[in-house]
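Novice: predicted model and sequence below, questions to follow.
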Amino acid sequence: METCTALTSVLREDYLKTPSTDAEWKAIASDFYHKWQFPQCLGAIDGKHIFIQPPAKSGSLFYNYKSQFSIILMAVVDANYKFVYASAGTQGRVSDAGVFAHSDLREAMDKGTLNFPPVETLPGTDAVMPYVLVGDEAYPLRPDLMKPFPHRNLNTNQRIYNYRLSRARRVVENAFGILSNRFRVFRTTICLEPDKVVKIVFACMCLHNFLRQRRSDAYVPPGYVDTEDANHRLIEGAWRREGGLQSVAMGRARNPSVEAKMQRDLLCSYFQTPAGSVSWQEGMV
């Protein structure tokens, strides 16, 4: 444990720091726009299980929907597979929506203390939209957090929106995949108390970000993460052959606000404009 604590102490400030300035957030958004053609995106969010031995006298608190004991790691990832926010230690029985609802991230988003950039016009248009995170169906739809349309009775525009969002969100799947395949401790049941497991998690995430920045080609060689062919068809990364971390139960997110629905509809429409569309999107739905 001393090694994990020391690694985190040395590396966290430089390699696992949540952006705090307008410029830092906009640098992430620029990468999402140029790499994944998703505008004003500040990160992709997801949660995964870390399997542990049953903690003493904990009953079913850590018992998850897969009939295993775990803690949950929730993280936000930038366009380059680096973690920019992480929270670990929530009991495995809690859903993605529940973890987010009780997180310091949600509290900071509500209070506006993360210093997200102010609303701006979408590129090439006069339409104004806030900067956002992107998540899957498990997360609440908010003006600052976009999720897919429910997968039923969708029109073509909505299916294209879902494709574009999924493409941007893929970075968090890949980041977790890299983490679990490079640090094999995550492929086992960790026989330690939850607080010690959390220390391991943060040490590994600090090392992950350090290696992504300092030894990127050796740590993530060509073909290791998902790529696309010349027609933008998905080529699955090598990490998927061994599988990744277990997803968290979806739970039930609260009903979205009218404003959040309007923001999603605005983005859906934007992806149909000359400024917002990509040439291959209709072939993907």
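Specialist: Everything's here; your move.
Novice: so Asp96 versus Ala218, what's the distance?
Specialist: From Asp96 across to Ala218, the span is 33 Å (CB to CB, to the nearest Å). Yep, even glycine has a C-beta here, placed from its N, CA and C like the rest.
Novice: more neighbours: those two, which one.
Specialist: Under the neighbour definition other CB atoms under 10 Å, Asp96 and Ala218 were set side by side, and Asp96 has more, 25 against 8.
Novice: for stretch 184-201, buried residues please.
Specialist: Phe186, Ile190, Pro194, Val197, Val198, Lys199, Ile200, Val201 (16 or more other CB atoms under 10 Å).
Novice: what about it, how long is it end to end?
Specialist: Using CA to CA, to the nearest Å, one end of stretch 184-201 lies 12 Å from the other.
Novice: got a list of contacts for it?
Specialist: Identification of contacts with stretch 184-201 by CB atoms under 8 Å, 6 or more residues apart in numbering yields 1, 4-5, 8, 50-53, 55, 62, 68-69, 71, 73, 86, 88-89, 179-181, 204, 242, 245.
Novice: tell me the centre residue of the protein?
Specialist: Centroid check for the chain by CA atoms, centre = their mean gives Ile45 as the closest residue, at 2.5 Å.
Novice: which SS state does it fall under?
Specialist: Secondary structure, DSSP: H, G, I helix; E, B strand; the rest coil: Ile45 is strand.
Novice: now do the helices in the stretch 151-285 of the chain.
Specialist: Assigned by DSSP state H, counting those that start in this stretch, the helices in the stretch 151-285 of the chain fall at 156-182, 194-214, 216-219, 258-270.
Novice: going by mean pLDDT, which of those helices comes out lowest?
Specialist: The weakest mean pLDDT among the helices of the stretch 151-285 of the chain belongs to helix 216-219, with a mean of 89.
Novice: which other helices and strands contact it?
Specialist: Helices and strands touching helix 216-219, by 3 or more CB pairs under 8 Å, 6 or more residues apart in numbering; DSSP states H and E, are helix 194-214.
Novice: chain center to the helix it packs on: distance?
Specialist: With CA atoms, centre = their mean, to the nearest Å as the basis, helix 194-214 stands 16 Å off its chain's centre.
Novice: on that earlier part again, measure the residue nearest to the centre of the chain to Leu133 for me?
Specialist: Counting by CB to CB, the separation of Ile45 from Leu133 is 5 Å.
Novice: mutual contacts of these two, please.
Specialist: When contacts are counted by CB under 8 Å, 6+ apart, the set common to Ile45 and Leu133 consists of Val76, Leu145.
Novice: what is the neighbour count of Thr273?
Specialist: For Thr273, the count of nearby residues is 13 (other CB under 10 Å).
Novice: for Phe116, which three-state class applies?
Specialist: From three-state DSSP, the assignment for Phe116 is coil.
Novice: what's the spatially closest residue to it that is not a sequence neighbour in contact with, if anything?
Specialist: Closest residue to Phe116 apart from its sequence neighbours, by CB to CB, 6 or more residues apart in numbering: Tyr131 at 5.1 Å. Under the criterion of CB under 8 Å, 6+ apart, the neighbours of Tyr131 are Trp25, Ala29, Gln40, Cys41, Leu42, Phe116, Pro117, Val119, Glu120, Asp144.
Novice: recalculate using a threshold of 7 Å.
Specialist: Trp25, Ala29, Gln40, Leu42, Phe116, Pro117 (CB atoms under 7 Å, 6 or more residues apart in numbering).
Novice: filter the residues you listed down to the buried ones, ChimeraX style.
Specialist: Buried members of the contacts of Tyr131, defined by 16+ other CB under 10 Å, are picked up in ChimeraX with:
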select :25,29,40,42,116,117
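Novice: still on that earlier bit, figure out which of the helices of the stretch 151-285 of the chain is closest to Thr125.
Specialist: Taking CB to CB, helix 258-270 is the member of those nearest to Thr125, at 6.6 Å.
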